[in-house]
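*Asks:* okay, structure incoming, though there's no sequence with it:
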């Protein structure tokens, strides 16, 4: 799993306030949104998780996770970047 901040919330001021979206890459084609959400719960509150699906109905191998706060997003990047999911 490769996690990176998508937008300003996780990287900027106001750490701890508001939701923060993360782009997650290098997912296997078998990864589900539920598995992704469960994996990111290790780092904090997860408001939303989704695996991006192509027109052919297959996973694109990436997804988006919205953490409950910028602090949780930073923790997820630190804790889960380069981690194994499936």
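*Replies:* Thanks, I have the structure now. Because the structure is predicted, anything quoted here is derived from the model rather than measured.
*Asks:* sec struct for the residue nearest to residue 72 when sequence neighbours are not counted, please.
*Replies:* What sits nearest to residue 72 in space, not counting adjacent residues and going by C-beta to C-beta, 6 or more residues apart in numbering, is residue 44, at 2.9 Å. From N, CA and C alone the C-beta is placed, and that goes for glycine too. When the structure is split into helix, strand and coil by DSSP: H, G, I helix; E, B strand; the rest coil, residue 44 lands in coil.
*Asks:* which residues touch residue 44?
*Replies:* Neighbouring residues of residue 44 by C-beta atoms under 8 Å, 6 or more residues apart in numbering: 67-69, 71-73, 75-76.
*Asks:* for the protein, which spans come out with low pLDDT?
*Replies:* Along the chain, segments meeting pLDDT under 70 span 3-17.
*Asks:* centre-most residue in it?
*Replies:* The geometric centre of the chain, computed from its C-alpha atoms, lies nearest to residue 65 (C-alpha atoms, centre = their mean), at 3.3 Å.
*Asks:* next structured bit after the helix or strand where it lies?
*Replies:* Element membership for residue 65 (DSSP states H and E) is strand 59-67. Towards the C-terminus, the helix or strand next in line after strand 59-67, according to DSSP H and E, is helix 70-80.
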